[in-house]
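# Pasting the sequence and the predicted coordinates here, then a few questions.
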Amino acid sequence: MQLIPTKQYHQPSTEYHKRPLLIDWIESPTEIWKSQRMSVFVFLPIDEFIRQSEGECSVFLRPVKDIELLERFYTFNNPIEVKRFLLTHDYLINPLFEARRQIKRVFGENIVEVCLKYDRDPEEDFERLFIIVKINLSPDRSLDLLDKFDEEWWLDVDDEIRKFLEVDIEPMFHS
């Protein structure tokens with residue numbers, strides 16, 4: 001693979017050319033590799049790539065833009081792993097927006113922070129994303145609200161989503 005500093009950018013034209021972009025972007029989350037030909041790549045800052053690619057590469061850009069928007073609602077505890085997981089499981093992105101809305105509805109003003117944390121257990125061949133709700137309540141009151149969240153929304157979420165996404169609480173109560 002050869003890296004060239006050129007201003008003649010070409011958009012990937014097929015799904016095959018878009019896949020390397022996902023892999024290479026993950027390794028450097030603030031910048032993105034952009035295919036010119038199968039063996040030649042250009043290194044661009046992600047914002048420049050998005051600006052030049054408006055609408056031309058939406059299959060790739062949509063999840064990237066959505067993940068950037070998710071960062072406004074969640075703190076990513078391990079950002080590279082969270083982004084990699086979300087790009088691989090992009091069907092979790094919309095439920096994460098709705099989960100944040102439902103968390104705010106149930107936990108309200110008691111929310112200190114809402115985090116996304118990637119967790120992998122290689123022995124079990126298991127990976128999952130955790131939504132951690134840090135709240136300023138006692139453990140008992142926190143569990144009551146988590147039960148309410150489960151009953152009013154979470155248990156109705158599709159099993160395939162709950163298989164890779166879990167909600168947990170972290171009480172931050174100080175008396």
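Done, it's in.

# For the rest of this, base every contact and every neighbour count on C-alpha atoms.
OK.

# Ser138 contacts Pro171, doesn't it?
Yes. With contact defined as C-alpha atoms under 8 Å, Ser138 and Pro171 form a contacting pair (6.2 Å).

# For these two, indicate the residue with more neighbours.
Pro171 (20 against 15; other C-alpha atoms under 10 Å).

# Return the list of helices and strands in contact with the host helix or strand of Val112.
Of the helices and strands defined by DSSP states H and E, Val112 is found in strand 111-121. Applying 3 or more C-alpha pairs under 8 Å, 6 or more residues apart in numbering; DSSP states H and E, we find strand 111-121 packed against strand 75-76, helix 79-88, strand 126-135.

# Show me the helices in the chain, by range?
Along the chain, counting by DSSP state H, helices occupy 15-27, 46-52, 58-73, 79-88, 93-107, 139-152, 159-164.

# possible to save these as CSV with mean pLDDT?
Conversion of the helices of the chain to CSV gives the following (pLDDT from 0 to 100):
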stretch, mean pLDDT
helix 15-27, 38
helix 46-52, 56
helix 58-73, 82
helix 79-88, 93
helix 93-107, 95
helix 139-152, 95
helix 159-164, 94
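
# Now do the buried residues in stretch 65-74.
Within stretch 65-74, the residues that qualify as buried by neighbour count (16 or more other C-alpha atoms under 10 Å) are 67, 70, 73-74.

# Need the winner for burial among the helices of the chain.
Mean neighbours per residue, mean count of other C-alpha atoms under 10 Å, is largest over the helices of the chain for helix 79-88, with a mean of 18.

# related to what we said a few turns ago, among the helices and strands packed on strand 111-121, which is nearest Ile103?
Nearest to Ile103 among those is strand 126-135 (8.0 Å), distances taken as C-alpha to C-alpha.

# Sort out which residues of the closest one are buried, please.
Along strand 126-135, the positions that meet the burial threshold by neighbour count (16+ other C-alpha under 10 Å) are 128-135.

# Sheet partners, orientation included, of that strand?
strand 111-121 (antiparallel), strand 165-171 (parallel) (DSSP bridges).

# Enumerate residues external to that strand that contact any of its residues.
Taking contacts as C-alpha atoms under 8 Å, 6 or more residues apart in numbering, the residues outside strand 126-135 that touch it are 82, 85, 103, 107, 110-121, 142, 163-173.

# And the chain, what are its domain boundaries?
Partitioning the chain according to automatic domain parsing yields domains covering residues 2-56, 72-171.

# returning to that earlier point: wait, which of the buried residues of strand 126-135 is closest to Ile93?
Ranking the buried residues of strand 126-135 by separation from Ile93, with C-alpha to C-alpha as the measure, puts Leu129 on top at 11.3 Å.
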